[in-house]
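S.K.: Need a 3D model of the following:
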Amino acid sequence: MSEIQFNKYNRIVEWRIIMKRIFIILLITILTAFGCTRIPSSVDTGVMPGEYEGSINSGELIKENESLSTDLDNTKKQLEKSEEDYLSLAKNNDSILKKLDAAESLLKVLQNDELPKFTIEETDKGNIYNYLNEKKSVLDDTYKNIEIIPLQSNENIVLYETIGYGESYKQLFVWEIGKNEPVMIDGANCDKDGSWKWLLQDKYIIINSAKLPKKLIVDIEGKKVISTLDINSDNIYLVPSTASILFEKAKPDSSAFALYDFVTGEEKELTFDFKNKNLKFEVDGANKAINFSGTYSDENETEYTIQAVMSIEKLKEKYAIKTIEQSILQKNSTDGQGKIEKNEQGTV
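M.R.: Just a heads-up that it's a prediction; the model follows:
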C-alpha cells in the first residue's frame, strides 16, 4: 500500500470514530430529554406517567385549590344558615304552642263564663298592648270583649275593662308596666248597659250603672273605688283644680244641689233664698260661671221661671272648697291618725 492510500484510510477511520462519538452524544441527549418530560408514577393514584392525558401546571392547581376553598366556605355558610333557620323555627314553634295554650285557656273561660286570667313574661307597654289585642281577637264582639281605655299622659299603666262576664258584666283592670299580671280593681264594675267617663283625666274615673242610681268614683293610681254615690242625673261637674263635684240630689218635690269631695268624703248642700223645683245647672266655661235655672214658688204658691248665676270662684270661696292637693293631704292625715289610734288601742 502506498503512503497516499495509507493516509487516506487513516482519515476515513478517524471520521468514522468522530461520527460514532457524535451519534452517541446525540442519543444520550435525546434519551435524557425524553426522561425529564415524563411524569413519574404516583403512589397516591397508582397511575403511570404514560397514562396521563396531559400535564397540569402549578397555576391550574392553585386555581383548583382556590375553587375548592370557596366551595367549602359556601357549604359552611349554608350549614350555619340552616342551623339559624332551625333555631328560629323551634322558637316560633314554642311561641305558637304558648299562644295555642293561651287560646285554649281563654276558650275554657268563655265556656265557663269566668273572668280570664292575664299573665305574660314580656312586660313592656307594647307587649302588654299586643297581648290584650291577641286576647281580644279570640273573643266574639257580640258576647265577650276587652276595651282598652285611652290615657293621655300616664305611661306607667295600661287601663282596660273586660266586657261580658257574669253579674260583673264590665270589670276594670289596671296593668302596671313591668308587672307580669294586672290588678283587678275590686268593685269597679257595672251592668251590661253601664258606662264610664273620666272625672279627672288619667287619675279618677266615674262608672255609671244603668240599672241602679249608683255611680262609682275610682282612683286609678290607688287601684280602688273611693266613693259610691246615689245620683239620678248624669249632670256632674268637677270644680277645676279640686276634688269636689257638683251634682243634683233628687228630692220628691224639689231639687237640691250638693258639693261632694270624693277624696275626703265631705258633702255640702247648696242653699238658695227660694224654694225651687226642677232646677238644673249648666256650666258657662267662657265666663267661668254656673247657670242655675228652674221654677220658683212664692209664699202664695205662685210659680215663676227663675235663673241664678254664680261665678265658679265665688262658689269655691263661699263653700270653702279645697284644692285637690289639700284634700289628699287631709285624707292622708286622717288615715294616718286613724292607724295611730288603732295601734294605741291594740297595745292597751
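
S.K.: If you count neighbours, what's buried in the helix or strand hosting residue 228?
M.R.: Secondary structure assigned from DSSP states H and E places residue 228 in strand 224-230. By 16 or more other Cβ atoms under 10 Å, the buried positions in strand 224-230 come out as 225-227, 229. Quick note: C-beta positions are derived from backbone N, CA and C, even for glycine.

S.K.: same deal with stretch 285-297?
M.R.: 289-290, 292, 294-297.

S.K.: would you list those in TSV and tack on pLDDT?
M.R.: Shown next, in TSV, are those (pLDDT from 0 to 100):
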residue	pLDDT
289	95
290	94
292	87
294	79
295	79
296	75
297	74
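
S.K.: So of those, which two are at opposite extremes in space?
M.R.: With Cβ to Cβ as the measure, no two of the buried residues of stretch 285-297 lie farther apart than 289 and 297, at 24.6 Å.

S.K.: Tell me the one of the buried residues of strand 224-230 nearest residue 159?
M.R.: For the buried residues of strand 224-230, the nearest to residue 159 is residue 225 (14.5 Å; Cβ to Cβ).

S.K.: Look up the closest residue to that closest one, ignoring the ones flanking it.
M.R.: residue 187 (4.6 Å; Cβ to Cβ, 6 or more residues apart in numbering).

S.K.: Distance-wise, check that neighbour relative to residue 282.
M.R.: 32 Å (Cβ to Cβ, to the nearest Å).

S.K.: How about residue 327?
M.R.: Residue 327 is 25 Å from residue 282, by Cβ to Cβ.

S.K.: out of these two, which sits in the more crowded spot?
M.R.: residue 327 (20 against 12; other Cβ atoms under 10 Å).

S.K.: Now the helix or strand containing the more buried one: average pLDDT?
M.R.: Under the criterion of DSSP H and E, residue 327 resides in helix 324-347. The pLDDT scores in helix 324-347 average 71.

S.K.: Stretch 166-178 too?
M.R.: 89.

S.K.: helix, strand or coil for the residue nearest to residue 128 when sequence neighbours are not counted?
M.R.: Nearest residue to residue 128 in three dimensions, chain neighbours excluded: residue 158, at 5.0 Å (Cβ to Cβ, 6+ apart). Under DSSP: H, G, I helix; E, B strand; the rest coil, the three-state class of residue 158 is strand.
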